[in-house]
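**Student:** fold the following and give me the result.
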Amino acid sequence: MVKEVDIFGAALQDFMDDKYTEDIVVHSSIAEDDVIPIPYLFRPYSEMPLVEQQALSLASGTILDIGSGAGSHSLWLQQQGLDVTGIDVSEGAITLSRKRGLKNATNVNILEHKGTYDTLLLLMNGTGIFERVTKIDSYLKHLKTLLNKNGQILIDGSDIAFMFEDEDGGFWMDTHRDYYGEVTYTMSYKGQESPSFDWLYLDYEKLAWYAQKNELNCELIVEGDHYEYLAKLTLT
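**Tutor:** Coordinates of the predicted model:
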């Protein structure tokens, strides 16, 4: 069996080894190619967007950082004396997080993770892990099993409706999609390309609707300047 290419892991390790020469290129189903600047994944708290800073300030108790990447959020929380565990599907990212000093880091898919926490943290468009709207219910049901009684889910998202507006104010959408925020990506780095994967940009009203459907309270905490927001979900 061929091992899946770990684009993030390779790029993060190159940065740590002073071999940073290029960024990750992102190929999207809805837009032209873009890049993920590798140094940005190592940003300190002072350079994080308001939405992320607000989420970190609200995190409390035992914390699970879902999609922890290079570990920047988890490490900041750990430095504040908090009990945080980072998880990521990238084995390389988890290995690197440990090298950076993160005490608790596990290479696992969120749907396979077990345990209970006071705070679940999903940042950098945390709604992306839902993949498609048809999978939101199953993800939220699983996230609920990871919450302690008075726990909270801090999740950020972004409404990308503006990308589908034309010059006369009309709105177009891919009829093969159930929702305009469903995007398919592949990533490439130094001649290697990842398998394609689905990623979901979810507007706040839609998130709140699915939260209520799954017996979760949904509160809008803060909105950013570029259609992004932070929400807090709690058990009803």
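**Student:** just give the closest residue to the residue minimising distance to the centre of the chain, not the sequence neighbours.
**Tutor:** Of all residues in the chain, the one closest to the mean position by CA atoms, centre = their mean is residue 126, 3.4 Å from it. Leaving aside its sequence neighbours, residue 126 sits nearest to residue 155 (CB to CB, 6 or more residues apart in numbering; 4.1 Å). Where you see a C-beta, it was placed from the backbone N, CA and C, and this is true even at glycine.
**Student:** quick one: that neighbour and residue 125 touch, right?
**Tutor:** No - if you go by CB atoms under 8 Å, residue 155 and residue 125 don't touch, sitting 9.2 Å apart.
**Student:** for the residue nearest to residue 126, give me the pLDDT.
**Tutor:** With respect to pLDDT, residue 155 has a value of 98.
**Student:** and if you look at residue 17?
**Tutor:** 96.
**Student:** count of neighbours near it?
**Tutor:** 9 (other CB atoms under 10 Å).
**Student:** residue 155 and residue 125: which has the busier surroundings?
**Tutor:** Neighbour count, other CB under 10 Å: between residue 155 and residue 125, residue 155 has more, with 28 against 20.
**Student:** in what helix or strand does the more buried one lie?
**Tutor:** strand 147-158 (DSSP states H and E).
**Student:** how close does residue 23 sit to residue 96?
**Tutor:** Distance check for residue 23 against residue 96: by CB to CB, to the nearest Å, it reads 17 Å.
**Student:** neighbour count: these two, which is higher?
**Tutor:** residue 96 (26 against 17).
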